[in-house]
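> mind folding the following:
(one chain, ligands or ions: 2)
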Amino acid sequence: MLALGMLRDRGGVHSFHVPMPVIKEADEVLVRIKEVGLDGTDFNMVRLGLQDIAEDRDRIIIGHEGVGVVQAVGTGVKSVIPGDVVVLTVRRGCGQCEPCLHLQSDMCLTGLYTERGLHKLDGLLTGFVVDREENVVRVSPELKRLAVFTEPLSIVEKGIDELRTIESRLPWFCPHPGHEWRAPQWGGCKVALVVGAGTLGLLAAAVIRLAGTYVYVADIVPEDSLKARLTAVAKAEYIDARSKTPAELVRFCCTPTGKLDIIFEASGAAETAVRLIPEMSRNGIYVMTGIPRGDVRIQLDAAELVRRIVRYNQVVIGTVNSNRRHFEMALGHLGHTPQFHEMLRDMVTRRVPLAECGRLFEEPRGPDQIKTVVEVEPWEEDRLLPGPH
Ligand SMILES: [Zn+2]
Ligand SMILES: [Zn+2]
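Ligands and ions are numbered 1, 2, ... in the order given. From the prediction side, this is the model:
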């Protein structure tokens, strides 16, 4: 069967044929891949030649945002049956540390984990994969056409879950008991700035807005761009950050209430990410998810930075990857928020068959490109389900 990936000694992406995988253990599941989303990491990996191949291999299949259908299951599998739509988690634990031994490999302590399509382990841009049941998450059939967003949304879910847990240090945020950080409508009386209107930024804006927070989204594209329009669909307010310094950006967000409670960084623009730290409000939290590439050197007033963090009780957290629980949270949000389905469908700006997707890596990604979806095998026509937008 066809696969797309990277080779040890050559740049770019390459197609090759790989053998059909087979179930060998009782807890394994054979999944027929239908769609795979590509993200900035995939494009950067290819563009910068950052292939991360296992020592005993000379190639890696890429792709880590996959949706498929269960083709067969091992004798011990209980949570899925053939025909079920499923998504796969990305990281496989080290098997040694306590987080990994308790389905929390996203917090692995040893760094000896592997990741499908990213780090040592083959990804999903191929016809079939076999994985253990614990890495396979069932999707309601009516969500199959949106499930390609489960993995990026799981990253957002983890970041938001962590920020709520940390900020619950402040139970008396406002006079309303329903606005407590762990309450379902936790976002009431709060203001957030999401930096970056790509896939992660738009998903974060949508989820934070859904909780009742007033959300600004900043990016460096014009106000009539697709990203700005989709920000409005998420019921958030777009800011063209090209004409604002980080200080002006935060001041703008503070206009309604005098403070900015949450910053969610999803752009990977290192200098802006750091320059926003001294602008944070009292008791504010700043979640970083973007991963910058290369070196960026800047000068800043370190004393002022540290003074503000200490005096204002500030929190800056980094968050990477996600575990099964975050995948389930993501699927819960996909299922219960039909108002965002329009945004998700419009976020898919390119859809290409697997056999043709190699060329995507040679084309420049324009400012209106958001999510690229590779069709490994088209969904069968089903008139009961909404079609592709
Ligand atoms: Zn571990
Ligand atoms: Zn309130």
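
> what does the stretch 51-200 of the chain put close to ligand 1?
For the stretch 51-200 of the chain, the residues in contact with ligand 1 under the definition CB under 5 Å from the ion are 94, 97, 100, 108, 110. No exception for glycine: its C-beta is placed from N, CA and C like everyone else's.

> closest to residue 362 out of those residues?
residue 108 (34.2 Å; CB to CB).

> what residues are up against that closest one?
91, 93-94, 97, 99-100 (CB atoms under 8 Å, 6 or more residues apart in numbering).

> ditto for residue 296
With contact taken as CB under 8 Å, 6+ apart, residue 296 is in contact with 270-271.

> that one and ligand 2: what is the separation?
For residue 296, the distance to ligand 2 under the criterion CB to the ion, to the nearest Å works out to 38 Å.

> residue 295 now?
Noted for residue 295: a distance of 43 Å to ligand 2, by CB to the ion.

> got a list of contacts for the one helix or strand residue 248 maps to?
Residue 248 is part of helix 246-254, with elements assigned from DSSP states H and E. With CB under 8 Å, 6+ apart as the contact definition, helix 246-254 has outside contacts at 191, 193, 216, 218, 239, 241, 244, 260, 272, 275-276, 279-281.

> if we use 7 Å, what do you get?
Residues lying outside helix 246-254 but in contact with it, judged by CB atoms under 7 Å, 6 or more residues apart in numbering, are 191, 193, 216, 218, 239, 241, 244, 260, 272, 275-276, 279.

> before we move on, what about stretch 132-146?
Residues outside stretch 132-146 that contact it (CB under 7 Å, 6+ apart) are 27-29, 31, 67, 77, 79-80, 84-89, 103, 147, 324, 327-328, 331, 334-335, 341, 344, 379, 385-386, 388.

> and for stretch 371-383?
Residues lying outside stretch 371-383 but in contact with it, judged by CB under 7 Å, 6+ apart, are 32-38, 125, 127, 144-145, 148, 199, 347-354, 357, 360.

> rerun at 8 Å
With contact meaning CB under 8 Å, 6+ apart, stretch 371-383 is reached by 4, 32-39, 63, 125-127, 144-145, 148-149, 199, 347-354, 357, 360.

> what sits against residue 277?
The neighbourhood of residue 277, defined by CB under 8 Å, 6+ apart, consists of 286, 305, 308-309, 314, 316.

> keep only those of these that are in helices.
305, 308-309 (DSSP state H).

> those residues: which ones sit near ligand 1?
Filtering the ones in helices among the contacts of residue 277 for proximity to ligand 1 by CB under 5 Å from the ion leaves nothing.

> now restrict these to buried residues only.
The neighbour count (16 or more other CB atoms under 10 Å) marks 308-309 as buried among the ones in helices among the contacts of residue 277.

> any chance of the ones in helices among the contacts of residue 277 in JSON lines, plus pLDDT and distance to residue 170?
Converted to JSON lines, those look like this (pLDDT from 0 to 100; distance: CB to CB, whole Å):
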{"residue": "305", "pLDDT": "95", "distance to residue 170": "22"}
{"residue": "308", "pLDDT": "95", "distance to residue 170": "17"}
{"residue": "309", "pLDDT": "97", "distance to residue 170": "16"}
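
> nearest to residue 167 among the ones in helices among the contacts of residue 277?
Minimum distance to residue 167 across the ones in helices among the contacts of residue 277 is 15.3 Å, recorded for residue 309 (CB to CB).

> show me the contacts for residue 160.
With the criterion set at CB under 8 Å, 6+ apart, residue 160 makes contact with 204, 207-208, 264, 287.

> could the residues you listed go into JSON lines alongside distance to ligand 2?
Rendered in JSON lines, the data for the contacts of residue 160 read as follows (distance: CB to the ion, whole Å):
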{"residue": "204", "distance to ligand 2": "21"}
{"residue": "207", "distance to ligand 2": "19"}
{"residue": "208", "distance to ligand 2": "15"}
{"residue": "264", "distance to ligand 2": "20"}
{"residue": "287", "distance to ligand 2": "21"}
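
> out of those, who has the most neighbours?
Each of the contacts of residue 160 was scored for neighbours by other CB atoms under 10 Å, and residue 204 scores highest at 32 neighbours.
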